[in-house]
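Asker: This is a predicted model, with the sequence first.
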Amino acid sequence: MSPAVQSKLPDVGTTIFTVMSVLATQHKAINLGQGFPDFHMNGELVSLVGKAIKSGMNQYVHMNGLPVLRERISEKVAFLYGTSINPNTDITVTPGGTYAIYTALTAILQPGDEVILFEPAYDSYIPNILVNKGIPVTVPLLFSDYKIDWEAVKARISVKTKAIILNSPHNPTGAVLDVNDIIQLQQIVKNTGIFIISDEVYEHLIFDELKHLSMLLYPDLMERSFVCFSFGKVYHCTGWKLGYCIAPPALMQEFRKVHQFNCFTCNSPMQYALAEFIQQKEHYLTLGLVIQEKRDQFQQGMKATRFSPLQTHGSYFQLYSYAAISDENEYDFATRLTKEYGVATIPVSAFYASPVENKVLRFCFVKKPETLEAAIQKLVKL
Ligand code: PMP
Ligand code: GLN
């Protein structure tokens, strides 16, 4: 008989993204649930991977990431944010942004430490805290613009607060941090030992001429931050699972202790390819506009339906209220929409530890025009 596992995560089920993607496949629904593009990534970048594999770049690279890639990342950070980052001590290439966030939390958390996070929250944050015996302390974002209530944050800070997790542009709401948010954050963490885990995987996916306010812009925030990025989101290759973390040397040293005995090093051919491709700035500089056009196309088409849009200023996502259509809870409605109308979405209640119901669903609009059009044709029937 197999020994029984005493679960470290007894209340954790299967992630909603997988649940809805499986349901979409079963019912042949158009999948606007899980966040991934359905169009091809850049062919030149694909060729560069092929070139790296064929020319024998198939062995382990340095555990912190291919040196030339780290150099190019530091050049990019200097160009975008005017900040000098040491590629040897401050950057580690990781298998995706999720892993970077998990590794940062694992590096800093002691049992009983509290971590402040904002709900709705990306679904990995709370399990990442719990598996490290930390205590998640949730602060609700204000419905319906999902701004941060900084007075509520202050009220939840305690002597046990070890970290604050931020995510801008925000999944699932598309909210972005503004200058006032940064000022409030600076005041709150000043003279404390609080770390910041900043999930900036949607760094370039920001719309309406807004500027991404990275922690890397502010020395007083950067000195306490693990800033996490994902190549999957920048180059339309979510399945590559490659990203990186930037943190000051003392923080990064601890991050690497965890990293070296977990993943050790990430796949090499893609790092060679990215080291070359990342130099073509226009790809990431135009990304926000390209994706904004998709948002606008989707919003325009959705005007023919009874769904009403909430604001989105970034990310892959747009929330819609279905209050005019149904009284069902979000999970039931999203399930029925998939089964009966052939469009999969994500219920926003899934991003809360204790579900909050606002009759809103998350739609991923980073799709081909014909996919969005086909989905809208189905949604007008409601
Ligand atoms: N953070 C957020 C907010 C995300 O939406 C995602 C995935 N889409 C990630 C982290 C993870 O990125 P990766 O796939 O590189 O692990
Ligand atoms: N980040 C993606 C989303 O929010 C999904 C990633 C995943 O499936 N874990 O849809």
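Answerer: Received it, and whenever you're ready, just let me know what you need. Ligands and ions are numbered 1, 2, ... in the order given.
Asker: Now the one residue in the stretch 51-200 of the chain that gets nearest to ligand 2: which helix or strand?
Answerer: Ligand 2 sits closest to Asn171 of the stretch 51-200 of the chain, with a gap of 5.1 Å, by C-beta to the nearest ligand atom. For glycine as for every other residue, the C-beta is placed from the backbone atoms N, C-alpha and C. For Asn171, there is no host helix or strand (DSSP states H and E).
Asker: Likewise for Ala334?
Answerer: Since the elements are taken from DSSP H and E, Ala334 ends up inside helix 330-336.
Asker: how about that helix against ligand 2, any contact?
Answerer: No - against ligand 2, helix 330-336 shows no contacts by C-beta under 6 Å from any ligand atom, the least distance being 13.2 Å.
Asker: Show me what the next helix or strand after that helix is packed against.
Answerer: As assigned by DSSP H and E, the chain's next helix or strand after helix 330-336 is strand 343-344. Packing partners of strand 343-344 (3 or more C-beta pairs under 8 Å, 6 or more residues apart in numbering; DSSP states H and E): helix 16-26, strand 30-31, helix 369-379.
Asker: Pull the contacting residues for the residue in the stretch 101-250 of the chain positioned nearest to ligand 1.
Answerer: In the stretch 101-250 of the chain, the residue that lies nearest ligand 1 is Ser230 (3.2 Å; C-beta to the nearest ligand atom). Applying C-beta atoms under 8 Å, 6 or more residues apart in numbering to Ser230 gives the contacts Gly96, Gly97, Val201, Thr238, Leu242, Gly243.
Asker: Which one of the residues in the stretch 51-200 of the chain is closest to ligand 1?
Answerer: Gly96 (2.8 Å).
Asker: pLDDT score for that residue?
Answerer: Looking at Gly96, its pLDDT is 98.
Asker: next one: the one 3 residues further on
Answerer: Confidence at Tyr99, expressed as pLDDT, is 98.
Asker: what do you get for the one 4 residues further on?
Answerer: Turning to Thr103, the model gives it a pLDDT of 98.
Asker: hang on, it in a strand?
Answerer: No - applying DSSP: H, G, I helix; E, B strand; the rest coil, one finds Thr103 to be helix, outside a strand.
Asker: For burial, what's the neighbour tally of it?
Answerer: Counted with other C-beta atoms under 10 Å, the neighbours of Thr103 add up to 25.
Asker: Touching, it and Lys257? I think so.
Answerer: No - the criterion here is C-beta atoms under 8 Å, and Thr103 misses it with Lys257 at 9.6 Å.
Asker: hang on, the earlier thing: pull the contacting residues for the residue of the stretch 51-200 of the chain closest to ligand 1.
Answerer: Ser230, Gly232, Lys241, Leu242, Gly243.
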